[in-house]
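**Q** sharing a model prediction with you, sequence too.
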Amino acid sequence: MEYIKSKDTFLLMRDILKILYPKLMKHGSRVAYMVYTMLREEDKYEEFELADMVMAATLHDIGAYRTESERLGDILRYETKEYMAHSIYGYLVLKYLSPIPELAKVIMYHHMDYNQLQKVKYEYKNVAAYINIAEKMDHYSTALGSKFEMTMFQKYAGNRLSQEGLELCYKCENRYGMFEKIRSGAYLKELDDIIEYMIFNNEDKKKFLDMLMYCQGFFRRDMVIETAMATCISDEIAKEMMLPLSKREILYYGTLVHDIGMLALPLELIEAPRKLEPWEARKVKTHVEIADKILSSRMKKEVVDIALAHHERCDGSGYPKKLTDNQLSTEQKILQVADMVVALVHKRSYRKPMPKEKVIAILEEKASKNKLKRQVVSVVVQSYDRILSLVTEETAQVLQMYETLNRQYETISRKYNI
């Protein structure tokens, strides 16, 4: 069964990054529209190829979330003066984490001067050249408003910018009125139409959602670790309880996105090294409502229902809906236990990880009070060492991927003298 459509995997990524820094992702969408219009006018690619290129163009600045997190408000500075850092990291994210690694170099080269880009042997270097043009057009048209003139970049034709690309951009503006569509918001409909052609198999979708998990680390590294831990624990419990593969898959998706609403909360609140004030605790609880708004239009209801119930309790004392035992599915009850285990065994800003004996004692107390399902808790207690050993392996793989990205980043950065 299809739990998330191909286009919605991309839209979910766009939604999440928009939460982290809306200005940057809106810029990405505008650039993607201009690049799409130019490529469509060339008439060299099929619709499904154009859809993938729209994805790459939209995410062309994804590396900035990692390398420029302290100055995302000063886009022009890192776009015009210090652009290679985020270009390199964005390239690595698409190469190692995305289902479209063949387009990763588009990100790497999207700031390269055209006279240098011509020397590169790469199938999609024209896409990189068009992103370079569209990006500059968007930045300056946004900054200058009615004073903006497209021809201001003509002096760079054949040198810093592609002459062919500039002429194509002028042609598209004259024929389709790109900037008027951008100003009115009409361009979004055209983007929505083309991403309907995205084609991902289930493995591609899982890879994209895993990429989303890693991108959460741009916001808070521990969030990635906790998500990986929760998915591992949930799946091991489901196996022990002999859930069919279809239900395990739904549980996997639900667990992967269950804390996505936390990205919209202030980091200083999430990492407060103290007990939260009542109003702060209420603020944190809104992450479930936020997740509902993000996920409900992107994923199947079965998945969303699991994600949104991870703070419900069998006795009705949880939130946000105060659901009780007979209103909760087995998958929801599994995630509730897995989420609590992660909260106990992983370090917090205000305390160290809890030892096995303490964790088991808390879980059994919750089960005795009918807050957590006794059957699910029993599985964890009986298989605690094996499950936690697998969790350790899983988190080690996550950290290894970050190390790979950072190591590759340092190697490539030395090449470009960053």
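**A** Sure, I can see it.
**Q** list the contacts of residue 335.
**A** 230, 234, 251, 254-255, 258, 306-307, 309-310 (C-beta atoms under 8 Å, 6 or more residues apart in numbering). C-betas here are computed from N, CA, C, even on glycine.
**Q** just put those residues in TSV and tack on neighbour count and pLDDT.
**A** As requested, the contacts of residue 335 are arranged in TSV below (neighbours: other C-beta atoms under 10 Å; pLDDT from 0 to 100):
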residue	neighbour count	pLDDT
230	26	96
234	29	98
251	27	97
254	29	96
255	28	96
258	30	95
306	28	98
307	25	97
309	25	98
310	23	98
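**Q** now do the helices in the stretch 101-250 of the chain.
**A** Secondary structure of the stretch 101-250 of the chain (DSSP state H, counting those that start in this stretch): helices at 104-109, 114-117, 125-144, 163-176, 178-184, 187-195, 202-215, 221-240, 245-256.
**Q** tell me the helices and strands packed up against the first one.
**A** This points to helix 104-109. helix 47-58, helix 84-97, helix 125-144 (3 or more C-beta pairs under 8 Å, 6 or more residues apart in numbering; DSSP states H and E).
**Q** hmm, 7 Å instead?
**A** Applying 3 or more C-beta pairs under 7 Å, 6 or more residues apart in numbering; DSSP states H and E, we find helix 104-109 packed against helix 84-97, helix 125-144.
**Q** for residue 118, which of the ones you listed is the nearest?
**A** helix 125-144 (8.0 Å; C-beta to C-beta).
**Q** for the protein, what helix or strand is lowest in average pLDDT?
**A** helix 75-80 (a mean of 52; mean pLDDT, DSSP states H and E).
**Q** end-to-end on stretch 342-353?
**A** Distance between the two ends of stretch 342-353: 9 Å, counting by C-alpha to C-alpha, to the nearest Å.
**Q** name the residues of that stretch that come out as buried.
**A** 342, 344-346 (16 or more other C-beta atoms under 10 Å).
**Q** thinking again about what came up before, residue 382: which of the helices and strands packed on helix 104-109 is closest?
**A** Using C-beta to C-beta, those put helix 84-97 closest to residue 382, at 35.1 Å.
**Q** of the helices of the stretch 101-250 of the chain, which stretch is the most buried?
**A** helix 104-109 (a mean of 24; mean count of other C-beta atoms under 10 Å).
**Q** excluding chain neighbours, what is closest to the residue sitting furthest away from the middle of the chain?
**A** Distance from the C-alpha centroid of the chain, by C-alpha atoms, centre = their mean, peaks at residue 368 (38.1 Å). Nearest-residue entry for residue 368: residue 374, 8.0 Å, with adjacent residues in sequence omitted and distances by C-beta to C-beta, 6 or more residues apart in numbering.
**Q** so the one you found touches residue 367, yeah?
**A** Yes - the criterion here is C-beta atoms under 7 Å, and residue 374 meets it with residue 367 at 4.5 Å.
**Q** these two: which has the busier surroundings?
**A** residue 367 (20 against 15; other C-beta atoms under 10 Å).
**Q** what helix or strand is that one on?
**A** Assessed by DSSP states H and E, residue 367 sits inside helix 356-368.
**Q** now for that helix, which elements pack on it?
**A** Checking 3+ C-beta pairs under 7 Å, 6+ apart, helix 356-368 ends up next to helix 330-345, helix 374-382.
**Q** the ones you listed into a markdown table, with extra columns for mean pLDDT and distance to residue 321?
**A** Below are the helices and strands packed on helix 356-368 laid out as a markdown table (pLDDT from 0 to 100; distance: least, C-beta to C-beta, whole Å):
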| stretch | mean pLDDT | distance to residue 321 |
| --- | --- | --- |
| helix 330-345 | 97 | 11 |
| helix 374-382 | 98 | 19 |
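**Q** winner for burial among the ones you listed?
**A** Mean neighbour counts for the helices and strands packed on helix 356-368 (mean count of other C-beta under 10 Å) peak at helix 330-345, with a mean of 23.
**Q** residue ranges with poor pLDDT in the stretch 301-418 of the chain?
**A** 417-418 (pLDDT under 70).
**Q** one more time with 90, if that's ok
**A** 347-352, 394, 397-418 (pLDDT under 90).
**Q** in the chain, which residue is closest to the centre?
**A** residue 212 (3.1 Å).
**Q** is the nearest residue to that one once chain neighbours are set aside in a helix, a strand, or coil?
**A** Nearest residue to residue 212 in three dimensions, chain neighbours excluded: residue 13, at 5.4 Å (C-beta to C-beta, 6+ apart). Counting by DSSP: H, G, I helix; E, B strand; the rest coil, the backbone at residue 13 sits in helix.
**Q** how many neighbours does residue 13 have?
**A** If we define neighbours as other C-beta under 10 Å, then residue 13 has 22 of them.
**Q** quick thing: my sequence starts at 8, can you match it?
**A** Sure, I'll start numbering at 8, so the last one becomes residue 20.
**Q** pLDDT value on it, please?
**A** At residue 20, the model reports a pLDDT of 88.
**Q** what's the distance between it and residue 93?
**A** 17 Å (C-beta to C-beta, to the nearest Å).
**Q** then residue 124?
**A** Taken as C-beta to C-beta, the span from residue 124 to residue 93 is 18 Å.
**Q** who's in contact with the one helix or strand residue 23 maps to?
**A** Element membership of residue 23 [criterion: DSSP H and E] is helix 13-27. Outside helix 13-27, the residues that touch it by C-beta atoms under 7 Å, 6 or more residues apart in numbering are 32, 62, 65, 72, 202-203, 205-207, 212, 215-216, 219, 225-226, 267, 270-271, 301, 305-306.
**Q** still on that earlier bit, any chance of a markdown table for the helices and strands packed on helix 363-375, columns distance to residue 197?
**A** Shown next, in a markdown table, are these (distance: least, C-beta to C-beta, whole Å):
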| stretch | distance to residue 197 |
| --- | --- |
| helix 337-352 | 38 |
| helix 381-389 | 47 |
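**Q** wait, which of these is closest to residue 402?
**A** When these are compared (using C-beta to C-beta), the closest one is helix 337-352, at 10.4 Å.
**Q** about what we covered before: what confidence value was assigned to the residue nearest to the centre of the chain?
**A** Residue 219 is given a pLDDT of 85.
**Q** and the gap between it and residue 316?
**A** The value you get for residue 219 to residue 316, if C-beta to C-beta is used, is 20 Å.
**Q** sketch out the low-pLDDT regions of the stretch 8-157 of the chain for me.
**A** For the stretch 8-157 of the chain (pLDDT under 90), the answer is 8-11, 20-31, 70-93, 150, 152-153.
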